[in-house]
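**Q** Predicted model and sequence follow; I will ask about them next.
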Amino acid sequence: MEIRNSAGQQMAAARLQRRPSVSVVIPCYNYARFLPEAVNSALEQADVEVDVVIVDDASTDGGGQLALDLASADPRIRPILHGKNMGHIATYNDGLSRTTGDYVVLLSADDVLAPGSLARSTALMESHPNVGLVYGFAQEFSEIVPFSPGKRASWSVWQGEDWIGVMCRRGSNIIMNPEAVLRRSVMEQLSGYRANMPHAADMDLWLRAAAISGVGRINGPVQAYYRVHGQNMHLTDFSATLDDIRARREVFDEICTISVPALTRPHQLLNAARKALAIEAVRAAIHLADTENGQLGGATVLADFAAQTDPAITTSRLWASYLRRSNGGSSIAERSLSELLYRWRWSLQWRRWRRAGI
């Protein structure tokens with residue numbers, strides 16, 4: 001199985017030669033308290049012409065009126081108010097259908113763009129007309145946007161199918177969302193987010209974009225800030241973990257077998273994705289078995305999912321380790337070491353993602 005060019009083509013960043021137009025779509029449902037900060041982060045972008053489309057999905061916290069007030073103060077803002085709640089996918093697509101800029105960003109009302117991020121992203125796409133999707137590093141925060149010292153930017157550029165290979169090998173979504181910029185002509189071909197994949201619609205969109213265009217990344221500076229709070233905290237229980245992995249499997253299955261017929265090696269890509277998902281599920285099962293002291297439950301469900309996703313996992317050393325732990329065959333010292341390795345592995349993966357985006 002061959003997955004090519006995981007690092008992408010590395011190059012120095014260049015400056016914009018013109019002021020491209022960027023439409024920033026901000027969907028909002030009961031996030032009125034965050035909305036002004038998101039809007040301002042878009043309007044204050046340097047070296048690009050920005051217009052903002054606020055789509056309020058029948059908020060009950062005054063978000064609709066706030067959108068109207070913000071629009072009355074700045075002609076670059078267009079408010080769209082839904083009379084009834086349409087849900088997040090329909091809201092995203094409504095906003096995206098109204099964009100006019102050369103480039104498009106979907107920015108959640110609780111997230112924030114980093115200063116200069118749109119100029120950096122569009123400069124890459126202006127220099128590489130084949131690139132339709134650009135992303136970068138999105139830093140998490142909870143209340144106050146942290147200060148991030150400026151870093152010198154560089155670019156990574158992949159052929160689309162090579163980047164799909166990176167995603168399949170990882171088995172995970174390496175784009176958080178607010179840092180992503182799409183060429184509008186590419187977005188129009190994609191017809192927005194798909195309603196039949198509500199739990200992984202963003203990953204599906206990135207993969208479909210890569211199927212028809214190149215992919216670029218801004219390395220170095222923070223490109224956006226992703227707010228972590230009660231409504232979007234990272235997965236903390238096995239059922240949420242399982243739901244997330246299952247949703248990703250569904251996306252990879254459809255991308256590799258149905259929705260992207262132009263892939264040159266769909267079976268290799270799908271095998272890579274299913275292997276990565278199975279490994280992730282077994283590692284999560286081991287972690288859960290250790291914390292449950294070998295009791296049956298969530299660990300068994302995760303392991304069963306892994307075996308169904310990639311039957312070959314059941315012949316691996318990782319699977320043997322899971323069986324031993326699920327049967328209570330590990331000592332306290334071994335469980336402690338396993339926990340350290342689990343955390344170390346995720347820390348190493350995070351550092352690689354921060355540096356190279358893969």
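**A** Cool, got the structure. The structure displayed is predicted, hence computed values, not measured ones.

**Q** quick one, helices of the stretch 251-358 of the chain?
**A** Taking DSSP state H, counting those that start in this stretch as the criterion, the stretch 251-358 of the chain carries its helices at 266-291, 298-309, 317-326, 332-356.

**Q** By mean pLDDT, show me the worst of these.
**A** Out of these, the stretch the model trusts least by mean pLDDT is helix 332-356, with a mean of 64.

**Q** so where is the stretch 101-250 of the chain shaky, pLDDT-wise?
**A** The stretch 101-250 of the chain contains residues with pLDDT under 70 at 230-238.

**Q** show me where it has helices.
**A** Assignment of helices within the stretch 101-250 of the chain using DSSP H, counting those that start in this stretch yields the ranges 117-127, 160-170, 184-190, 201-210, 238-254.

**Q** CA-only coordinates of the fourth one in PDB, if you can.
**A** What follows is the C-alpha trace of helix 201-210 in PDB, where atoms were taken according to Å, rounded to 0.1, in the frame of the first residue of the first chain:
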ATOM      1  CA  ALA A 201     -19.800  17.100   7.300                       C
ATOM      2  CA  ASP A 202     -16.700  19.300   7.600                       C
ATOM      3  CA  MET A 203     -14.200  16.500   7.100                       C
ATOM      4  CA  ASP A 204     -16.300  15.300   4.200                       C
ATOM      5  CA  LEU A 205     -16.200  18.800   2.600                       C
ATOM      6  CA  TRP A 206     -12.400  19.000   2.900                       C
ATOM      7  CA  LEU A 207     -11.900  15.600   1.300                       C
ATOM      8  CA  ARG A 208     -14.300  16.400  -1.600                       C
ATOM      9  CA  ALA A 209     -12.400  19.700  -2.100                       C
ATOM     10  CA  ALA A 210      -9.100  17.800  -2.300                       C
END
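
**Q** How about residues contacting it?
**A** 89, 92, 132-133, 135, 158, 160-161, 163-164, 167, 173, 175, 177, 180, 182, 186-187, 190, 192-195, 197, 215, 248, 251, 254-255, 259-260 (CB atoms under 8 Å, 6 or more residues apart in numbering). For glycine as for every other residue, the C-beta is placed from the backbone atoms N, C-alpha and C.

**Q** With the last one instead?
**A** If you take CB under 8 Å, 6+ apart as the criterion, helix 238-254 is touched by 168, 171-173, 197, 199-200, 203-204, 207, 235, 269-270, 273-274, 277, 280-281, 284, 288, 297-299, 301-302, 305, 309.

**Q** Now the buried members of these.
**A** If you count burial by 16 or more other CB atoms under 10 Å, the buried members of those come out as 168, 171-173, 197, 200, 203-204, 207, 269-270, 273-274, 277, 280-281, 284, 288, 298-299, 301-302, 305, 309.

**Q** How many residues are close by the closest residue to residue 9 other than its chain neighbours?
**A** Leaving aside its sequence neighbours, residue 9 sits nearest to residue 157 (CB to CB, 6 or more residues apart in numbering; 4.8 Å). For residue 157, the number of neighbouring residues by other CB atoms under 10 Å comes to 20.

**Q** who touches residue 157 in this structure?
**A** 8, 9, 11, 124, 128, 131, 214, 215, 216, 217.

**Q** again, but for residue 300
**A** By CB under 8 Å, 6+ apart, the neighbours of residue 300 are 285, 326.

**Q** What separation is there between it and residue 280?
**A** 16 Å (CB to CB, to the nearest Å).

**Q** what's the answer for residue 166, then?
**A** From residue 166 over to residue 280 the distance is 16 Å, taken as CB to CB.

**Q** Same question for residue 272.
**A** 13 Å.

**Q** residues shared between the contacts of the two?
**A** Between them, residue 272 and residue 280 share the contacting residues residue 171, judged by CB under 8 Å, 6+ apart.

**Q** Which residue, other than its chain neighbours, is closest to residue 199?
**A** By the measure of CB to CB, 6+ apart, the closest residue to residue 199 outside its immediate chain neighbours is residue 247, 3.9 Å from it.

**Q** tally of neighbours for that neighbour?
**A** Neighbours of residue 247 under the rule other CB under 10 Å: 17.

**Q** which ones are touching the closest residue to residue 187 other than its chain neighbours?
**A** Leaving aside its sequence neighbours, residue 187 sits nearest to residue 104 (CB to CB, 6+ apart; 5.2 Å). With contacts taken as CB under 8 Å, 6+ apart, residue 104 has the following neighbours: 22, 23, 24, 25, 96, 181, 182, 183, 184, 187.

**Q** I'd say residue 50 and residue 118 touch.
**A** Yes. Residue 50 lies in contact with residue 118 (CB atoms under 8 Å); the separation is 7.0 Å.

**Q** Counting neighbours, go ahead and name the busier of these two.
**A** residue 118 (29 against 22).

**Q** For the residue nearest to that one when sequence neighbours are not counted, which three-state class applies?
**A** The shortest distance from residue 118 to any residue that is not its chain neighbour, by CB to CB, 6+ apart, is 4.4 Å, and that residue is residue 45. Assigned state for residue 45: coil (three-state reduction, DSSP: H, G, I helix; E, B strand; the rest coil).
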